[in-house]
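# quick check, what structure comes out for this input:
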Amino acid sequence: MAKAVILADDIALAAQRQRELVAADIRDIVWLSWYGDLQNYPWNTLGQKVIYFFAAPHSGLDLNDILAIAHEVNAQLQAIDGPELRLIFPLPSEVTHFYSPLFRDSLPLIIPISQLPQIQTDFAHEVPISFDCFRKKIAPDCNRKAHFLISPFIRAGARTLIWGTNDSGKRTWSLALSHAFVTGKAVLPHFSPPAPGIVLYFHEDTIDLTELLERLNTLAPWQIQECTSCHSLTQLFCSAPLLIRHPLNLKKLNLQLQSDANNLAAYFEWITCGIHTGLPKILILDSILAPMIKCPRELQHFLDIAEKHGWTILIQESSRITTWRKILHCDSEIHLEHAVTLDGWDIICRMTSIGGPRLENSYRINLDNPNQTVLLEAPCKRKRSGLLMNRSELKKKLAALLKQGIKGKGIAERLKISESMVKKLKGEMGLSKKRQPHGSHTSVEGIASSLSNVER
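Residues are numbered from 1 along each chain as shown. Below is the predicted model:
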């Protein structure tokens, strides 16, 4: 039975963190949330436990809004003579408003709610509850040694969202990782090779993977099985590592209809549950979930069933819908972007995970040299892919975007260049606004003169 409870106003976050505790086999603490009115919650069931409240902004609510909810929760607990609520702040600087040398900002702060006014005025007098307790119990990811199926990218049992534009190389990336996983080859130098396993790869039948799969096969032969019907995968027993390709004809479905979305989710569930093996398993869903985002319940049910059957799930999409990570309960996220260096194409990989830092590295995918790993650390000197364009053509496109009223950051994203390069190009085109010196005032005549010049 749990001895402590962490309450969170964010339902998706509470569900996600509880999954982490279950995966870590930690049973003396649980994450909970609630639906509806706080007064209708059975607070008396929590009266004998230590109760925390995770104070983190979400869904448009700022920290003050979250603290107001925490005070309301504490009032409900006091009404049943329950324990005082303890607040967990993942970023102490949001509360203290200044850095304290006593604690690193990356570690959470835990305090009784009654001491909140004191800590906001005088941090030095506060003695928080043990950080060690938090790291070991509440945030097991910080202390638990992660088991990777494909080190250092894909953690066993985790859901990973991989996204990037159509030219970002994400399909090449995921198939390169799959090749290493099936053949038991290390992905990067100095990282241990994975235990060979099974990869089930769902993708639309309009995507031709033949050339890419053949190039990977020249690095190291691997077994590939293509399934064009559901009957070929019924009760499939796999004793050796292989890649199972399953093209899908989604044009026949109207996924706006609840029935078609249910049928597709049920089909995915049937296929994944019908593959039996003692080997580790990875399920890759390549750009097929976007139409189902309006049916999150069916989608979430399928993903939960797949996880219960031992699948580690990779969800690959061309764009990042803001709510996807919460709806799909993704544990980590990988954003890929193409970059060009002086001697070849690279991929910039930005990786984030729950409770972990944001990492960014540049890699080169090796499809030619069998004596090297499938990924190589790329040189640091790199350029964004937009700089491959002829400079005059780049300026024409920049001018067109400016006429549309698009600002610097939007221009940088569309042209795939940095914001500093946008400013540089605008300077070369004579479009940069010169800063007025301090203390100077623009006269009416000056403004009129500028407007007349623009009209000309």
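
# could you list everything residue 51 pairs with in the sheet?
When bridges are called by DSSP bridges, residue 51 pairs up with residue 5.

# next, count neighbours for it.
Counted with other Cβ atoms under 10 Å, residues neighbouring residue 51 total 20. Just so you know, the C-beta spots here come from the backbone N, C-alpha and C atoms, and that holds for glycine as well.

# what does residue 18 give?
Residues near residue 18, counting by other Cβ under 10 Å, number 18.

# ok, it touching residue 31?
Yes: shown here, residue 18 and residue 31 form a contact pair, counting by Cβ atoms under 8 Å, at 4.3 Å.

# residue ranges with poor pLDDT in the stretch 201-350 of the chain?
Within the stretch 201-350 of the chain, the set of residues satisfying pLDDT under 70 comprises 228-235, 255-258, 291, 293-294, 319-326, 340-345.

# which residues of it fall in strands?
Assignment of strands within the stretch 201-350 of the chain using DSSP state E, counting those that start in this stretch yields the ranges 224-226, 236-237, 242-248, 275-276, 281-286, 311-317, 332-341, 344-353.

# dump these into a markdown table; add mean neighbour count as well.
Compiled in a markdown table, the strands of the stretch 201-350 of the chain are given as follows (neighbours: other Cβ atoms under 10 Å):
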| stretch | mean neighbour count |
| --- | --- |
| strand 224-226 | 15 |
| strand 236-237 | 13 |
| strand 242-248 | 20 |
| strand 275-276 | 16 |
| strand 281-286 | 24 |
| strand 311-317 | 23 |
| strand 332-341 | 19 |
| strand 344-353 | 18 |
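
# in JSON lines, list those along with distance to residue 155.
What follows is these, written out as JSON lines (distance: least, Cβ to Cβ, whole Å):
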{"stretch": "strand 224-226", "distance to residue 155": "25"}
{"stretch": "strand 236-237", "distance to residue 155": "25"}
{"stretch": "strand 242-248", "distance to residue 155": "20"}
{"stretch": "strand 275-276", "distance to residue 155": "21"}
{"stretch": "strand 281-286", "distance to residue 155": "11"}
{"stretch": "strand 311-317", "distance to residue 155": "8"}
{"stretch": "strand 332-341", "distance to residue 155": "7"}
{"stretch": "strand 344-353", "distance to residue 155": "8"}
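
# where's the closest residue to residue 83 other than its chain neighbours relative to residue 43, distance?
Ranked by Cβ to Cβ, 6 or more residues apart in numbering and with sequence neighbours excluded, the top spatial neighbour of residue 83 is residue 51, at 5.7 Å. From residue 51 over to residue 43 the distance is 9 Å, taken as Cβ to Cβ, to the nearest Å.

# report the set of residues contacting both of those two.
With contacts taken as Cβ atoms under 8 Å, 6 or more residues apart in numbering, residue 51 and residue 43 have 77, 82 as neighbours in common.

# show me where the stretch 51-200 of the chain has strands.
86-89, 109-112, 148-150, 154-155, 159-163, 198-204.

# between these, which gets the lowest average pLDDT?
Considering the strands of the stretch 51-200 of the chain one by one, the lowest average pLDDT is found for strand 109-112, at a mean of 78.

# now that strand, how far from the centre of its chain.
Mean C-alpha position of strand 109-112 versus that of the full chain (Cα atoms, centre = their mean, to the nearest Å) differs by 28 Å.

# now for that strand, which elements pack on it?
Other helices and strands packing on strand 109-112, by 3 or more Cβ pairs under 8 Å, 6 or more residues apart in numbering; DSSP states H and E, are strand 86-89.

# neighbouring strands of the strand it packs on in the sheet, and parallel or not?
Each strand that pairs with strand 86-89, with its direction, by DSSP bridges: strand 50-54 (parallel), strand 109-112 (antiparallel).

# so which of those strands is nearest residue 247?
Each of the strands paired with strand 86-89 was scored for nearness to residue 247 using Cβ to Cβ, and the closest is strand 50-54 (42.9 Å).

# mind listing what's buried along the closest one?
Burial within strand 50-54, assessed by neighbour count using 16 or more other Cβ atoms under 10 Å, is assigned to 50, 51, 52, 53, 54.

# could you dump those to CSV with distance to residue 22 and pLDDT?
Shown next, in CSV, are the buried residues of strand 50-54 (distance: Cβ to Cβ, whole Å; pLDDT from 0 to 100):
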residue, distance to residue 22, pLDDT
50, 19, 87
51, 20, 91
52, 18, 90
53, 21, 91
54, 17, 89
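
# you'd agree residue 3 is up against residue 52?
No: with contact defined as Cβ under 8 Å, residue 3 does not reach residue 52; the gap is 11.7 Å.
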